[in-house]
Structures are given as structure tokens and as C-alpha cells.
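> Quick one: sequence and predicted model below, then my questions.
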Protein chains: 2
Amino acid sequence: MNIGILGTGSVGQTLGTKLLTLGHKVKLGSRTAGNEKAQAWVSAAGSGASAGTFAEAAQFADLVIIATLGTGTVEAVQQAGPDNLAGKTVIDVTNPLDFSQGMPPRLFVGHTDSLAEQVQRAAPAAHVVKALNIISAPQMVDPASSGGDPDMFIAGNHEGARQQVTELLQSFGWQHITDFGGLEAARFIEPLVLLWVNYGMKSGGWQHALKFLKK
Amino acid sequence: MNIGILGTGSVGQTLGTKLLTLGHKVKLGSRTAGNEKAQAWVSAAGSGASAGTFAEAAQFADLVIIATLGTGTVEAVQQAGPDNLAGKTVIDVTNPLDFSQGMPPRLFVGHTDSLAEQVQRAAPAAHVVKALNIISAPQMVDPASSGGDPDMFIAGNHEGARQQVTELLQSFGWQHITDFGGLEAARFIEPLVLLWVNYGMKSGGWQHALKFLKK
């Protein structure tokens, strides 16, 4: 599958590298062509890896992953072009984090809206699915690295897209994926990142992940 | 210790019964004296159990637990009387749940405020601590009933009160209690109840509880 990733930071690069090992072709997209981080990643990643603008990554893709900073997410979607995302599964890994007051961050949207819903409104014909936003990049592609079999929570308005994301996460090693249905569930999935960050600050580690214990 | 509980539903009764077995005296408070549910609980619970108005429960108490519906929480605090809560640890177990659109519920506050912070503003001299709001009543007093050793998250502006709540939860059997400091953390602790409810609706069970896996 051709996968376009919007964002060239550690999340985008880590997901891109994992997807290459699974046999997909990956184009990292950034605001401008010739982004140095993207070029360095392409050189290191080898066959199947390429880079371009947000729009080029979206045009290239059968499936798109958004891995930008939350503050730049909606603008990245606008630059990618809603028409280039139409009818495609778009995995939103971002979080509406506001670091303007230092650590820990706060959310800049929530409760009656979510960043995932903002993405959906910016690209109305895309099949947006919230996923993977509650942990670090290395954990996303290696869930067992947290020391067990953690849970992942997804939501999106298009059932087929949620199924596609479920299968992609399973190919990463996720065994416990709960599909919460409509994208509105992102309103309680996104705040989980604050739990993750604050727990990391208290516990002094960043390899923790949530699991639901059950009788 | 004398413990006043605001609310006579399953959460208030379950916590009350557990506290009696631990040797505390418990007064269940309700909007009106002579509440039938409270009277029935007192009859069944026996020695050390009593009931009264919100204000009488608050006056009686060394430590207060708020276990009302979220929609009635602030009014209950006002009826209990801010002066009766001054200088006391007040455990806020409530959630800002809005069931007006059916299941699953939504939050009626969050993101830039929390119900716990509303409680604190309604009783400025109380030492409000958010705790136990993310699971069912039976799990609150028997964490192992979830099939393991789940995590509990607390927050509050008064360090001594947070320590007192930590020790009380330990007496219930909680082994993993993370103290997130200031009450603002309730902004991400309260949305966890939506994760719990929605996961229950998907999984068909209500004995699940969150645990942080760690490497």
C-alpha cells in the first residue's frame, strides 16, 4: 500500500520506518519540498521511501497518517488538500497539546470538540480515524515494549476505515484494539495523552501504556 | 474517624458500608432528612451508621465524601454549607455526566475546567481531592475485583489532604495510587469515566479498570 505521512518528526519517521519493513511504500510530507529531516530519513530508510510536500504525500497515498504537532494539524490538512484526502482513510495520531505554559501541557480543544473532528471538518470527504495518540512513537510500532499487551482505542465515522486501521495496528502487534465508533469518541481519547504525559512526569519513565484489567 | 457522605446512591452506600467495616463512623447525607434510601441503609448497616441532611453529614464529619450525581454536586455542596467543609478533606467521587442525550453520556464540563474545581470554588476553604471517579462502586472498595492491581489517580490542591486520601484508598486495597498534585489534573482524570463507560458498552462488562503497564 502507498502510505503518505504528514509530518517529519519522530512519530512520522518511526511509523514510516515500520511501514517500510511491512512492505508498504511511504512518502513523508512536509510544509516545503526538500525538508532536511525528511531527506535524511529517505536516505537512511532506503527502498520504498520518499519525501515531498504535504500535497504530494496526500496525492501519493492510498492511506494517510497525520503526525504533525497539534498546533499545525489543521493547516497541514489544508495544505495537503481536502480533495487529495477524499475517500481515503486518514489516521489522526495528533494531539491538541498547548505547551505555551510549559510542562505539563494543556489541551487547546476538548470536551465539546476534538482535534480529530477539526481534521474531519477540514477534509469532509476523508475517512478520519483517531488512533495511536496516547503513547510514544516507539510504543506505537512495538506495543509489547511497554511490558505487556496494552490497549489501543480508535474512533472514526467510517466503518470500513476503522476496520482498515484495526488491521494495520494488528500488523504492528496490537492485540487489544477497541473500536469506539463515531469520531466524537476522540473527545475522551485525546485527553488520555495528558494522563500519559503526567504519569510519565510522576513516574520518571516514558514506556508506560494503558491496559484494561478485566475479571 | 467520622466520615460524612453526601449522596445516598450505590456509590455512597457502598463506600459507607466499607468504611464501617474499617472502623469509621459514617453519616449519609441527603437533600432532606428522612430520606428512605438512607434510612434503609442505616437499618441494614448497623452500629456506627447514621443519616441526616447534607449539612448534618458535613457538620458530623472529619472527612467528607461527595457521591452525588454530577448534575447535583455543586448544589449539594452549597446545601452542605461551605463553612461545614472548611479545613476538611473532601473527596470528590463525582463525574460531570450529561445523560440528556442518552447513552453514552457526555461531559457537561471539562477541558478548561472540571467538576472538582467547581466543587472547590463552591467551598473555597475545603481541601478537595478528586479520587475514585473512574470505576464502579464495588471496584472502589475492592480494586482486586477487577482481576489485578489497577491504578488510581488523585489530585487536589492541599498536599496533606492528598496524603490522607492516599492512605484511605490504601486501606481499601489500592496499591497503585498516583498523586497528580493540583486539582487542575481533574480535567484529564474526569474524562476517564467516559473511557470506562464506553469500554463497558463495547465489552459488555463493568468490572474493568485501568492499569499502566510499564517496562
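Sure thing, it's come through. Remember, it's a predicted structure, so these values are computed and weren't measured experimentally.
> switch to C-alpha atoms for all contacts and neighbour counts from now on
Fine.
> Which parts of chain A are strands?
Counting by DSSP state E, one finds strands in chain A at the ranges A:2-6, A:25-30, A:49-53, A:63-66, A:89-92, A:97-98, A:106-107, A:127-130, A:151-156, A:176-179, A:209-213.
> deepest of those strands, which one?
Mean neighbour counts were compared across the strands of chain A using mean count of other Cα atoms under 10 Å in any protein chain shown; the top stretch is strand A:127-130, at a mean of 30.
> That strand close to chain B?
No. Judged by Cα under 8 Å from any Cα of the partner chain, strand A:127-130 stays clear of chain B, getting no closer than 14.3 Å.
> So which residues on chain A come close to chain B?
Taking Cα under 8 Å from any Cα as the criterion, the neighbours of chain B within chain A are A:107-111, A:145-148, A:150, A:178, A:180, A:188-189, A:191-192, A:194-195, A:198-199, A:202, A:207-215.
> For the most centrally placed residue in chain A, which residues are in contact?
Note on chain A: the residue nearest the mean C-alpha position is A:Val93, at 2.0 Å, using Cα atoms, centre = their mean. Each residue near A:Val93 by Cα atoms under 8 Å, 6 or more residues apart in numbering or on different chains is listed here: A:Ile65, A:Ile66, A:Ala67, A:Lys130, A:Ala131, A:Leu132, A:Asn133.
> Retrieve the pLDDT associated with the closest residue in space to it that isn't next to it in sequence.
Counting by Cα to Cα, 6 or more residues apart in numbering or on different chains, the nearest residue to A:Val93 once its immediate chain neighbours are dropped is A:Asn133, at 4.7 Å. Note for A:Asn133: predicted pLDDT of 98.
> do the one 10 residues further on as well
Model confidence at A:Pro143, expressed as pLDDT, equals 97.
> wait, it sits on A:His176?
No. In this structure A:Pro143 lies outside contact range of A:His176 using Cα atoms under 8 Å: 10.1 Å.
> Can you check which residues contact both of these two?
Residues touching both A:Pro143 and A:His176 (Cα under 8 Å, 6+ apart) are A:Asp149, A:Pro150.
> got the angle between the top helix by length along chain A and strand A:151-156?
Ranked by residue count, the top helix of chain A under DSSP state H comes out as helix A:159-172. Inter-element angle recorded for helix A:159-172 and strand A:151-156: 150 degrees (by axes from the mean of the first three to the mean of the last three Cα atoms, to 10 degrees).
> got the contact list for helix A:159-172?
Here helix A:159-172 has contacts from A:18, A:22, A:89, A:91, A:127-129, A:140-143, A:154-156, A:177, A:179, A:181, using Cα under 8 Å, 6+ apart.
> likewise stretch A:199-214?
Contact with stretch A:199-214 is made by A:135-136, A:139, A:145-146, A:149-151, A:196, B:146-148, B:150, B:178, B:180, B:207-215, as judged by Cα under 8 Å, 6+ apart.
> where along chain A do the helices fall?
With helices called from DSSP H, chain A shows them at A:10-21, A:36-45, A:54-60, A:73-80, A:82-85, A:115-122, A:137-140, A:159-172, A:186-189, A:192-203.
> now the angle between strand A:25-30 and the second one, please.
I take that to be helix A:36-45. Direction vectors for helix A:36-45 and strand A:25-30, defined by the same axes, to 10 degrees, enclose an angle of 160 degrees.
> just the longest one next, same as before
Between helix A:159-172 and strand A:25-30, the angle formed by their directions is 110 degrees, by the same axes, to 10 degrees.
> And for the last one?
Put simply, helix A:192-203 runs at 80 degrees to strand A:25-30, going by the same axes, to 10 degrees.
> what mean pLDDT does helix A:192-203 have?
The average of the pLDDT scores along helix A:192-203 is 97.
> Going by neighbour count, which residues of it are buried?
For helix A:192-203, the buried set under the neighbour-count rule, 16 or more other Cα atoms under 10 Å in any protein chain shown, comprises A:Leu192, A:Val193, A:Leu194, A:Leu195, A:Trp196, A:Val197, A:Asn198, A:Tyr199.
> For that helix, list the C-alpha coordinates in PDB.
Written as PDB, here are the backbone C-alpha positions of helix A:192-203 (Å, rounded to 0.1, in the frame of the first residue of the first chain):
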ATOM      1  CA  LEU A 192      -5.600  10.300  27.600                       C
ATOM      2  CA  VAL A 193      -2.400  11.900  26.300                       C
ATOM      3  CA  LEU A 194      -2.400  14.200  29.300                       C
ATOM      4  CA  LEU A 195      -2.800  11.200  31.600                       C
ATOM      5  CA  TRP A 196       0.200   9.600  29.800                       C
ATOM      6  CA  VAL A 197       2.400  12.700  30.000                       C
ATOM      7  CA  ASN A 198       1.600  13.500  33.600                       C
ATOM      8  CA  TYR A 199       2.100   9.900  34.600                       C
ATOM      9  CA  GLY A 200       5.500  10.000  32.800                       C
ATOM     10  CA  MET A 201       6.500  13.100  34.700                       C
ATOM     11  CA  LYS A 202       5.500  11.500  38.000                       C
ATOM     12  CA  SER A 203       7.000   8.000  37.400                       C
END
